[in-house]
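> A predicted structure for the sequence below; I have some questions about it.
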Amino acid sequence: MTEKRKMDRKVAIGIVALVAAVALLAVVFFLFRQKPVEGSKAITIEVVDDEQKNVTYDVKTDAEYLRQAMEEAEGLEFSGSESEYGMMVTTVNGVTADYNVNGAYWSFYVNGEYCNYGIETQPVLDGDAFRIVYTPAQ
């Protein structure tokens with residue numbers, strides 16, 4: 001073998017060894033990398049509709065505010081109108097409570113107390129129990 005062929009062979013072996021090492025490191029990385037975890041806060045969101053039927057959602061979240069936690073609750077659907085103060089919820093799980101139409105509204109509670117904030121600014125803490133209640137006109 002000539003010197004050039006020996007050198008080419010060494011380079012080829014080096015490249016193959018490098019590719020094998022990179023592949024091995026990639027496999028090790030994907031097997032042992034830190035897996036994403038569910039949120040650090042465990043909360044519940046209970047919806048009480050116009051027929052007094054309850055649905056409870058257990059949510060693991062890192063949400064700072066209630067709206068994001070509601071968006072993360074699998075199966076919970078809600079909508080409303082946006083304003084400078086945030087969303088005014090009018091529909092939850094297909095049930096509309098519009099004060100201007102039927103005198104009803106959705107009440108929001110946290111740990112048994114009426115929420116002092118809208119869903120955009122209502123803080124979410126670990127262990128919180130939220131209730132969203134259809135409230136008819138008095």
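Great, that's in hand.

> per-domain residue ranges of this structure.
1-35, 41-135 (automatic domain parsing).

> lowest average pLDDT across these?
In terms of mean pLDDT, the lowest-scoring of those is domain 1-35 (a mean of 74).

> how far off centre is that one?
Here domain 1-35 is found 41 Å from its chain centre; the criterion is CA atoms, centre = their mean, to the nearest Å.

> cool, stretch 130-138 as well?
Distance, centroid of stretch 130-138 to centroid of chain: 24 Å (CA atoms, centre = their mean).

> any idea how far residue 116 is from residue 66?
12 Å (CB to CB, to the nearest Å). For the C-beta atoms, the positions are set from N, CA and C on the backbone; glycine is no exception.

> tell me the most buried of the domains of the chain?
domain 41-135 (a mean of 15; mean count of other CB atoms under 10 Å).
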